[in-house]
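J.: next one to model:
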Amino acid sequence: MSFAPTELEAEGAAGGEALHGSATPPASGRRVARAFLRDKAAVACAVYILLIVLMAVAAPLLVKISGYGPLEFDQDAVDPNLGGIPLGAAGGMGADHWFGVEPGNGRDIFARIVYGARVSMLIAISATLLTTFLGVVFGLIAGYFGGRVDMVVSRVMEFLMAFPALIFMIAVLSALPAENRQFLLVLVISFFGWPYLARIVRGQTMSLKEREFVEAAKASGATSAQIIFKEILPNLASTIIVMTTLAVPGYVGTEAGLSFLGVGVVPPTPSWGQMIASSVPWYAVDPAYFLIPGAFLFLLVLSFTVLGDRIRKLLGEGAA
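T.: Modelled structure (predicted):
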């Protein structure tokens, strides 16, 4: 559901070696793009992610076309005499309900899937952006200035990384009010997530600040801010891109897991994890209700993971 420190460090180290491990310059964007387009798995993953993003953005339009909103009940689509089991095959799939309906209440699964995609992507991308910002800033500060600054930042990172993040996320979110839950999810996920990226950025910054081009910038009178943002940060771009791509699926899974456990997105707001949790009592009589959100979630996490891995390899091969 969230990345283990060892996984993050391994990926970051791989990106760092690809970028700084040889004397050859980094791969040009055009060469990497050509190699990416030749990679069928990477292209397929990117296409699926793009479709999910477009589905999330166009959710209101898609719902108007399908005819049912995510909160609308269609009691005519379920059988009250059988405990609310959807009428028809495959969970009530048909012209009126493309993905069928939820057992018991008749809410349209397609509408809840597209709005659930909006919720999942918004939380995951927002958490990734905030985590990346905090991780890069604190990692650069600790790695470049060293000394007491590095000691303080490093102790904070170690303190947060020592926590079992999932347990504390559940505890914190359980104690917080239900209002603005999506905003709170972003804050809590980012609070526990930024140290992993910061640790990698710190290590690479400590190595880069000893390089000749940084010494030359210092000799020419450049300020610390100029050296950090013009000399060091551009050399971390590949690592940051890879780490960001790999962070998104972790946060998608984290949001889904927290919603599954009942401390994430608050009903009736649609969420894939919440839908999977609601489907558990019905999987024997209506497996489609479980399989559809489960398949969307699985494919999205898989696509981001594979895409991040392929990007890391492409950047590494280009720099070699």
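J.: what's the burial count for the closest residue to residue 93 other than its chain neighbours?
T.: Leaving aside its chain neighbours, residue 93 sits nearest to residue 100 (4.5 Å; criterion: CB to CB, 6 or more residues apart in numbering). The C-beta positions use only the backbone N, C-alpha and C, and glycine is treated the same way. By other CB atoms under 10 Å, the residues close to residue 100 number 25.
J.: okay, now the unreliable bits of the protein?
T.: 1-29, 316-320 (pLDDT under 70).
J.: got the residue ranges for the helices in it?
T.: 5-20, 29-38, 40-57, 59-66, 109-145, 147-162, 165-175, 181-208, 212-219, 224-226, 237-260, 272-279, 287-319 (DSSP state H).
J.: got TSV for those, with distance to residue 93 and mean neighbour count too?
T.: Output for the helices of the chain, formatted as TSV (distance: least, CB to CB, whole Å; neighbours: other CB atoms under 10 Å):
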stretch	distance to residue 93	mean neighbour count
helix 5-20	38	18
helix 29-38	35	12
helix 40-57	18	16
helix 59-66	12	15
helix 109-145	9	22
helix 147-162	45	14
helix 165-175	34	15
helix 181-208	30	22
helix 212-219	61	13
helix 224-226	58	11
helix 237-260	23	24
helix 272-279	15	24
helix 287-319	7	20
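J.: could I get the ones you listed as a markdown table with distance to residue 73?
T.: Shown next, in a markdown table, are those (distance: least, CB to CB, whole Å):
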| stretch | distance to residue 73 |
| --- | --- |
| helix 5-20 | 43 |
| helix 29-38 | 45 |
| helix 40-57 | 23 |
| helix 59-66 | 15 |
| helix 109-145 | 12 |
| helix 147-162 | 43 |
| helix 165-175 | 28 |
| helix 181-208 | 23 |
| helix 212-219 | 63 |
| helix 224-226 | 57 |
| helix 237-260 | 21 |
| helix 272-279 | 14 |
| helix 287-319 | 15 |
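J.: centre-most residue in this protein?
T.: residue 248 (1.8 Å; CA atoms, centre = their mean).
J.: right, and it touches residue 129 too?
T.: No - checked against CB atoms under 8 Å, the pair residue 248 and residue 129 is beyond contact range at 10.0 Å.
J.: how close does residue 208 get to residue 216?
T.: 13 Å (CB to CB, to the nearest Å).
J.: now swap in residue 97 and tell me
T.: From residue 97 to residue 216 the distance is 66 Å (CB to CB).
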